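Novice: 3D model of this:
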Amino acid sequence: MTVLTKGIIQDFINGDEYAFTQVYKLYYKDIRAYCFQHTRAAELADELTSDVFLRLWEARANLDPEREIRPYLFTITKNVTFTWLKRVLSDQKMKNVFRGRYLSAQQEASQHVAIAAAMDLALLRQIMGRIPAKRRQTFELCKIDGFTYAEAANMLSVSKETIKEHMSLAKRDLGKLADAADYLYLFLPLLFSLDNLF
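Specialist: Residues are numbered from 1 along each chain as shown. Model (predicted):
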């Protein structure tokens, strides 16, 4: 089965467990693959995948039986993954663990995955290269290296207000460039969610 019928979607909305099983079987592999791609850990991918399907089940009353479930399901998947990524990036210990897992998985990755990762990195560097040097340096310190605005201001010998201005402009620039790279969706939620650091 490649597409869910309207009847199965309606049964799912009505709370039918068999219909849920059909949805689960159809989309499980894609959802888990997406979660694994971003967590690089089988247990975490399983946990996030379960969370995705639980949220879909809890929100089933909001579904339109005339529309496909897939777009809604993948929106939930992205939201669950973003929430996890934000938690990881806000916790230095978790960030180090994740970085280690990612590097380990990258070393064991197939040639296809390694090539895709290299292309993503090259594209990110190209996009970051379009941002003025001071702005880019500020963004890297605050969003990639994890320094607070105050720490970045101290390191660059500028005021905290200058750092805020650079970050605001960097967010704007990356927002404009988002169409140039699909994977920027990983960074955009982080750009607008860490303002509580200052």
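
Novice: quick one: least confident helix or strand in the chain?
Specialist: helix 188-191 (a mean of 44; mean pLDDT, DSSP states H and E).

Novice: so where is this structure shaky, pLDDT-wise?
Specialist: Residue ranges of the chain with pLDDT under 70: 1-2, 89-128, 144, 174-198.

Novice: now the helices for it?
Specialist: In the chain, the segments counted as helices under DSSP state H are 6-13, 17-39, 42-58, 70-90, 92-108, 111-128, 133-139, 149-156, 160-177, 188-191.

Novice: what is the neighbour count of the closest residue to A59 other than its chain neighbours?
Specialist: Leaving aside its chain neighbours, A59 sits nearest to I76 (7.5 Å; criterion: CB to CB, 6 or more residues apart in numbering). For the C-beta atoms, the positions are set from N, CA and C on the backbone; glycine is no exception. The local packing of I76 (other CB atoms under 10 Å) involves 19 other residues.

Novice: check contacts around I76.
Specialist: V52, R55, L56, A59 (CB atoms under 8 Å, 6 or more residues apart in numbering).

Novice: who touches E151 in this structure?
Specialist: So E151 contacts L141 (CB under 8 Å, 6+ apart).

Novice: now it: how far from A61?
Specialist: In this view, E151 and A61 are 46 Å apart by CB to CB, to the nearest Å.

Novice: do C142 as well
Specialist: C142 sits 41 Å away from A61, going by CB to CB.

Novice: who has more neighbours out of the two?
Specialist: Neighbour count, other CB under 10 Å: between C142 and A61, C142 has more, with 24 against 8.

Novice: the more buried one contacts A153, correct?
Specialist: No - using CB atoms under 8 Å, C142 is not in contact with A153, being 9.9 Å away.

Novice: got any residues that touch both of these two?
Specialist: With CB under 8 Å, 6+ apart, C142 and A153 have common neighbours I163.
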